[in-house]
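In: Take a look and give me a structure for this.
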Amino acid sequence: MSDDKRASASRPAGILPDRAQPHDPAVERAVLAAMLRDPDSCVNTVIEHFRDPEVFYSHVHREIFQVIIDLYNDPDQTVDLVSVAHRLRTLNKLDAVGGEVFLAELDGAISTTVNIEAWCLILRKYYILRKMIDVCSESLLKCYDSDADAGRLVEEIETDIFNVRSQEETSSIVEICDKIEDEFHMLWDIYEGKVEVGIPTGYAQLDSYTGGLKPGEMFVLAARPSIGKTSLALNVIRNLALPTRSPRPRRVAFFSLEMTAEQIARRLLCTEAGLSESVFWNKTFQASELTRLTGAVAAFKKAKIFIDPTGGITIAELRAKARRLKMKENIDVIVIDYLQLMHADGRVDSRQQEVAEISGGIKKLAKDLKVPVLVLAQLNREVDKTAGAGARPKLAHLRESGTIEQDADIVTFLHRNREDAKEVSSPNQSVEAEWIIEKNRNGRTGNLKLLFFPSRMEFLPAAPYSEEDCPK
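Out: Down below sits the predicted model:
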């Protein structure tokens, strides 16, 4: 058997034979020639488009590119043929790139630098295609590993592809005069109600402070254990997704690390029906309440709520699943319950470092998908020990990491006295609670009064007045 046939037989099916990947040597030489001819202008233009030498297919062009960049960043050096040749000779690479003759030919490769932007775009396109080839080839090889975890492998491949896609996006500097008039019109449209600032949560006073859940923002809801942060998050989800509660129902992805999908469905159903789950297992459910229950079922049948109950999910897994939901279902909001139950992707030195990595990953997810992320967080139990059960939470009480405060656009706390709920016996009996806006990057901070109905796990806005304020 010939060597070619033997290599073909050993190669897994689906792997393309070795061949030159997408590239254009003439364009690569043109970019390098422009950098040599007009470094003050062209080197900056090239750096804006790419810094990685891998953008060049030829290893010779990569070496020359790196030397030009190094010289340009050295305030004591200039970029020209002589300095580039000298640096390559010092590194013992001049002969490897073709010597001074090749550099001289390179300098004469173009007659003008006016097309440098277009050349950079061409090189970037080929670079992205080569990266996709590498990812797909590596993915095929991984798929032939019979010991690989299929679910984890799919998530890794999705992450790799998304990373390549994100490399394709570049942002450019804009002058304020090009944007100021557009933003004036945007603000006026917001004022007239033509444009929505953020997604309404169903809690009008909260929205007046925050503008709602805004795309790209990380909104933290933190509380001590057993205060009701999951219930409040489910109340918000219900307000977002149900056609009966919102004129424009939203698609919500709920990543629950603490409860099963069945538990969440029951909780939502009973809260919407105004019933306690206990009426079913203690046999006190009344036939007259069936209409409310079936009405709640009908409402949720029309809702788009996607639940992922994976426990101990990693930030990479969450990103992969969220991106998939964004592409397939065009989700509007992501809710995570809760941050400290997640795990980082690799080994970390401390739990604080792990939580910091998770928090940064959540913020990046919000920006990448351009959706708001409502993430629940646990407060330190030390709050109860040192200040008592009625202590008001503060930013310093965020458990295990101060980076949550740094990454989040909005940090809020749910606060109430746990002891009050023990005295509640009637479904219509409530206790007082507060929703504290402690950090708001783009707005005001303040406190919202809520009423919590423990029997049906529902938080409602409290009236802005008491009976004593009413006229006699």
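
In: could you pull out the strands for this structure?
Out: Taking DSSP state E as the criterion, the chain contains strands spanning 218-223, 252-256, 305-308, 333-337, 373-378, 410-415, 431-440, 446-453, 458-461.

In: Give the other helices and strands that the second one contacts.
Out: Just to be clear, that refers to strand 252-256. helix 229-241, strand 305-308, helix 315-329, strand 333-337 (3 or more Cβ pairs under 8 Å, 6 or more residues apart in numbering; DSSP states H and E). Glycine gets a C-beta too; all of them are placed from N, C-alpha and C.

In: 6 Å instead?
Out: helix 229-241, strand 305-308, strand 333-337 (3 or more Cβ pairs under 6 Å, 6 or more residues apart in numbering; DSSP states H and E).

In: Could you list the residues in contact with the longest one?
Out: Which is helix 229-241. Contact partners of helix 229-241, identified using Cβ atoms under 6 Å, 6 or more residues apart in numbering, comprise 201-202, 221, 223, 245, 249-250, 252, 267-268, 303, 305, 333, 335, 337, 376, 414, 457, 459.

In: What's the ChimeraX syntax to select whichever of the residues you listed are buried?
Out: Entered in ChimeraX, the line below selects the buried ones among those, by 16 or more other Cβ atoms under 10 Å:
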select :201,202,221,223,245,249,250,252,267,268,303,305,333,335,337,376,414,457,459
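
In: quick one on the thing from earlier: specify the stretch among the helices and strands packed on strand 252-256 that is closest to N428.
Out: helix 229-241 (16.7 Å; Cβ to Cβ).

In: quick revisit: figure out which of the strands of the chain is closest to L140.
Out: Of these, nearest to L140 by Cβ to Cβ is strand 305-308, at 27.6 Å.

In: that older thread, got the strands of the chain as CSV, with distance to I237 and mean pLDDT columns?
Out: Compiled in CSV, those are given as follows (distance: least, Cβ to Cβ, whole Å; pLDDT from 0 to 100):
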stretch, distance to I237, mean pLDDT
strand 218-223, 12, 89
strand 252-256, 5, 91
strand 305-308, 6, 88
strand 333-337, 6, 91
strand 373-378, 9, 89
strand 410-415, 15, 89
strand 431-440, 16, 87
strand 446-453, 16, 87
strand 458-461, 12, 86
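
In: quick one: low-confidence parts of the protein?
Out: 1-18, 51, 146, 151, 165-174, 345-349, 381-390, 399-402, 419-427, 463-472 (pLDDT under 70).

In: for it, longest helix please?
Out: helix 116-143 (DSSP state H).

In: That one packs against which elements?
Out: Counting contacts by 3+ Cβ pairs under 6 Å, 6+ apart, helix 116-143 packs against helix 25-37, helix 39-49, helix 150-168.

In: looking at those helices, which is buried most?
Out: helix 25-37 (a mean of 22; mean count of other Cβ atoms under 10 Å).

In: residues in contact with that helix?
Out: So helix 25-37 is contacted by 42-43, 56, 61, 64, 68, 106-107, 109-110, 113, 116, 119, 122-123 (Cβ under 6 Å, 6+ apart).

In: By neighbours, which of those wins?
Out: Neighbour counts for the contacts of helix 25-37, by other Cβ atoms under 10 Å, peak at I64, which reaches 28 neighbours.

In: State the distance from that one to A34.
Out: As defined by Cβ to Cβ, to the nearest Å, I64 lies at a distance of 12 Å from A34.

In: so what's the residue nearest the centre of the chain closest to, chain neighbours aside?
Out: With distances taken as Cα atoms, centre = their mean, L365 lies nearest the centre of the chain, 0.7 Å away. Once flanking residues are discounted, L365 sits nearest to R319: 5.5 Å by Cβ to Cβ, 6 or more residues apart in numbering.

In: repeat for F65
Out: P53 (5.2 Å).

In: related to what we said a few turns ago, so which of the helices and strands packed on strand 252-256 gets nearest F184?
Out: Between the helices and strands packed on strand 252-256, strand 333-337 lies closest to F184; by Cβ to Cβ that is 28.5 Å.

In: export the closest one as CSV, just CAs?
Out: Presented in CSV, the C-alpha positions along strand 333-337 are these (Å, rounded to 0.1, in the frame of the first residue of the first chain):
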residue,chain,number,x,y,z
VAL,A,333,-34.3,37.5,29.8
ILE,A,334,-32.0,35.0,31.7
VAL,A,335,-32.6,34.2,35.4
ILE,A,336,-30.0,32.3,37.5
ASP,A,337,-30.8,30.8,40.9
